[in-house]
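Colleague: Okay, sequence plus prediction incoming.
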Amino acid sequence: MEPRGEVFVLGLVLSIVVLLISVLISVWARRLTRNLGDYYVAGRSIGAINNGLAMVSLALSLTTFIGLTALIIEGVYIAVAVYASFTAAFIGLMILAAPYLRRHKSFTTMAFISERYGSKSLRYMSVVVMMVVSVLYLAGNLKGIGIVFYFLLGVPEVVGIVVGGLVVTLYVTLGGMYGVTYNQTFQTIVLLFCLMFPVAMVLRALGTSGWFFPPLGYGDMVPEMIEFVPHYFWAMVEHPITYIAIFLGSFFGIIGLPHFVMRFFTVRDAKEARWSTVLCVFLVGLVNTTVYATGFAAVYFMQTSAGVDVTPAAYDYVVFILVEALAGQGWLALAVAGSVAAGLSTVSGLLMIMGAGLIHDLYGEMKPEVDDEKKLKLSYLAMFLVGVFVIIFSLNPPEFILKAIMWSFGIAAAGLGVPIVLGIWWKRTNKYGVGAGMVVGSLIAFSGWIMIDYMGMNPVDVPIFPFFNTYLYGPMGWIKVTVLAVTFSFILTVVVSWLTPPPPEELQRQVDVMHGWTDYDPKRYNSKALPIAVVAISVFLLWFMTTLYDVFPK
């Protein structure tokens, strides 16, 4: 069974409606944009519910809607690790970063790193890391939009990438952060409705009694799944370090992804930041468990229905194939519209942070004498140019959506997540340690992507860290690069910070301010226990990669 590859009129109509509403929201929101603060952080006026819904749309990209379902078919044990880690990551974001970042009152992740460590060089370095992360993340999601257009019109994916990319570029450029925020809220509502209801109809068609609540609606299918696909319920068939890599990439990657962090700078205060994350965690968990039910239903349908054969090349289309076969074209049209909303919301957030990084963090730092009015005009131009650049880059999209996203998570975790977490929780962290950890950690992850994903090399043949090459084996051996990147980033950041002069008192004071203290205590958040524990755990994980070599499949 292959994708339909022909015009789907009803789905096209609903998708155009979603696109038009998105543009109209940005045209309306432009009236609210009067200065740089409005354009980049919506005047720091967004409430918890609005911000929480906007965060959900960032989290539930086409990676979730399409890519994760495809991964569930490939190997459920990996997929469960991905969505469980992804959901847990938002809890980590809420506990470790959200309210503290809001109290810092920066515009972007790059500004936070620069101001927390008192270094222009780190600002420039973090802009580079941000651009790499964002382009990879965008490439995966624009491919998803291309998949949707192919399904709608039967045209090559490239057409969808160009059209979808231009539409998002238009409304991000027009509306700034106000437009992005209200669009993401709208798109979250569309996505929730257009995922939950079609999946419920699929489960109903398969005869499950709990179809009305998709996250738990597949229970009736379990006995037959055990009979037809017994390995589906195996707890672990790969080295445990694979799951640890997924967790590290998701957990610290979410904290490091600049377009997520930017959402915390838009809310009114730290309390709103925390509660918006609570709402996000709940809805992300609800949708992720629904996606699992979708993948479960797809495997069940493929195994129990005669004549159904979905090739691996079509796994990214399996949501649409399943809904069309079991629920009908009306529900399929909703699923398609929901996927369009999912793609638009994530792409808009990424374009926003890229434009902000180039103008606010790069150009603004190099040309401090330029007034805000000129920066605002340049921001409009930067948003448009960034959108065009990403569209061109994405004309050669990744083979599978989720793979590109996981690489971007690894780079973000090592290059941005580590300095954010340590910058909030350990005063002794300084610019020298962050520089060393950021450069080495992000280069390990980025080099891994270049050689393994872009150049197509076998992970065990990658000419980097020869001692570890032997251990990058298995169906997803490449994901273990994330362990190397994150652990080296932590070790170098801590060790170099410890061996070099401590940051000045005015920089350490920022930690107390972020935690809500009105006084300064040099001993607060400055114990030896945290850095020692971080290094010990990192060294243990590096050692653990080299164990159990003969136990798990190569």
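Modeller: That came through fine.

Colleague: Please enumerate the helices of the stretch 101-250 of the chain.
Modeller: Taking DSSP state H, counting those that start in this stretch, the helices of the stretch 101-250 of the chain run over residues 109-117, 120-153, 157-205, 222-228, 240-256.

Colleague: Could you point out which of these sits nearest Leu96?
Modeller: Proximity to Leu96 (C-beta to C-beta) singles out helix 240-256 among the helices of the stretch 101-250 of the chain, at 6.6 Å. Yep, even glycine has a C-beta here, placed from its N, CA and C like the rest.

Colleague: Tell me the buried residues in that closest one?
Modeller: Residues of helix 240-256 classed as buried by neighbour count (16 or more other C-beta atoms under 10 Å): 241-256.

Colleague: That helix packs against which elements?
Modeller: Helix 240-256 is packed against helix 76-96, helix 401-412, helix 418-425, helix 481-499, helix 529-545, with contacts defined by 3 or more C-beta pairs under 8 Å, 6 or more residues apart in numbering; DSSP states H and E.

Colleague: Could you identify which of those helices is most buried?
Modeller: Per residue and on average, the most neighbours among the helices and strands packed on helix 240-256 fall to helix 401-412, with a mean of 29 (mean count of other C-beta atoms under 10 Å).

Colleague: Report the inter-axis angle for it versus helix 109-117.
Modeller: In terms of direction (axes from the mean of the first three to the mean of the last three C-alpha atoms, to 10 degrees), helix 401-412 departs from helix 109-117 by 20 degrees.

Colleague: I'd like to know which elements helix 401-412 is packed against.
Modeller: helix 69-74, helix 120-153, helix 240-256, helix 431-448, helix 481-499.

Colleague: what pLDDT, on average, does the second one get?
Modeller: This predicted structure assigns helix 120-153 an average pLDDT of 81.

Colleague: and the angle from it to helix 431-448?
Modeller: Using the same axes, to 10 degrees: helix 120-153 against helix 431-448 is 30 degrees.

Colleague: Could I get the buried residue list for helix 120-153?
Modeller: Within helix 120-153, the residues that count as buried by 16+ other C-beta under 10 Å are 122-123, 125-153.

Colleague: Would you format the helices and strands packed on helix 240-256 as CSV with mean pLDDT included?
Modeller: Output for those, formatted as CSV (pLDDT from 0 to 100):
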stretch, mean pLDDT
helix 76-96, 76
helix 401-412, 84
helix 418-425, 96
helix 481-499, 96
helix 529-545, 95
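
Colleague: between these, which gets nearest to Pro459?
Modeller: Among the helices and strands packed on helix 240-256, the nearest to Pro459 by C-beta to C-beta is helix 481-499 (7.6 Å).

Colleague: any idea of the angle the closest one forms with helix 401-412?
Modeller: Helix 481-499 and helix 401-412 are oriented at 10 degrees to each other (the same axes, to 10 degrees).

Colleague: Could you list every helix and strand in contact with helix 481-499?
Modeller: Helix 481-499 packs on helix 240-256, helix 401-412, helix 418-425, helix 431-448, helix 529-545, going by 3+ C-beta pairs under 8 Å, 6+ apart.

Colleague: Let's have those in TSV, adding distance to Asn51.
Modeller: Converted to TSV, those look like this (distance: least, C-beta to C-beta, whole Å):
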stretch	distance to Asn51
helix 240-256	16
helix 401-412	20
helix 418-425	19
helix 431-448	28
helix 529-545	30
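
Colleague: circling back to that earlier point, which of the buried residues of helix 240-256 lies closest to Ile226?
Modeller: Comparing these against Ile226 with C-beta to C-beta places Tyr243 closest, at 22.6 Å.

Colleague: contacting residues around the closest residue to the closest one other than its chain neighbours?
Modeller: Leaving aside its sequence neighbours, Tyr243 sits nearest to Ala81 (C-beta to C-beta, 6 or more residues apart in numbering; 4.7 Å). Taking C-beta atoms under 8 Å, 6 or more residues apart in numbering as the contact definition, Ala81 lies against 242-243, 246-247.
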